[in-house]
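S.K.: Just a sequence and a predicted model for now, questions to come.
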Amino acid sequence: MRKVLFIFSGLSDGDVEWLATAGQRVHVEPGTVLIPLGSRVENLYFVLDGQLRIRAKSGDSLAVLESGEIIGEMSLVDPAPTAVSVEVASDATLLRIPDDVVRNKLATDPAFAARFYRALCVFMADRLRQSTQRFGYGAATDDQNAKDELNEELLDNVHLAGARFDRMIKRLAG
């Protein structure tokens, strides 16, 4: 659930409420290709329940995403075609928000944009750091648990982020 913690810890309660209101709760069947390889992503997705599988061009499984993960965030920054595909591994419930809706909010609400882009940058910096270490470069420590540690600022807000995500799930379910 790390992705949602990065994003929601940088947003306000009102921002998270806007995301829940702007999106549509959708159920997706196993085997569905949510995002084909080489496509342009036109939605931001929050995984509320279920599992999604990330596949490389070769078809190899790279990761399994579960509740609290976000898909399509990179396309808000760079709408280039995808380098991976995303398929539904088990029944999944997602919050789907069209990119044009998010882009309009970013363009018309500078405070939201500042919070959202900062949260996205913190998340992407963490992803880059993990990828770099996975390839054997720049490992800061031999501690096997270090990869799961959160920075101090994020840790201060992690309880808020988790509570925001839980409230969003309950709101969308009810």
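M.R.: Right, received. Where do you want to start?
S.K.: Relative to the whole chain's centre, how far out is stretch 105-116?
M.R.: Computed by Cα atoms, centre = their mean, to the nearest Å, the chain-centroid distance of stretch 105-116 equals 18 Å.
S.K.: CA atoms of that stretch as CSV?
M.R.: Provided in CSV are the C-alpha atoms of stretch 105-116 (Å, rounded to 0.1, in the frame of the first residue of the first chain):
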residue,chain,number,x,y,z
LYS,A,105,-8.2,20.2,-11.7
LEU,A,106,-4.5,20.6,-11.8
ALA,A,107,-4.8,23.5,-14.2
THR,A,108,-7.6,25.3,-12.2
ASP,A,109,-6.6,24.7,-8.6
PRO,A,110,-2.9,25.7,-8.1
ALA,A,111,-2.9,24.6,-4.4
PHE,A,112,-4.1,21.1,-5.3
ALA,A,113,-1.6,21.0,-8.2
ALA,A,114,1.3,21.9,-5.8
ARG,A,115,0.3,19.3,-3.3
PHE,A,116,-0.4,16.6,-6.0
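S.K.: List the buried residues for that stretch?
M.R.: Residues of stretch 105-116 classed as buried by neighbour count (16 or more other Cβ atoms under 10 Å): K105, F112, R115, F116. In short, each C-beta sits where N, CA and C put it, glycine included.
S.K.: From K3, how far off is the first one?
M.R.: For K105, the distance to K3 (Cβ to Cβ, to the nearest Å) stands at 19 Å.
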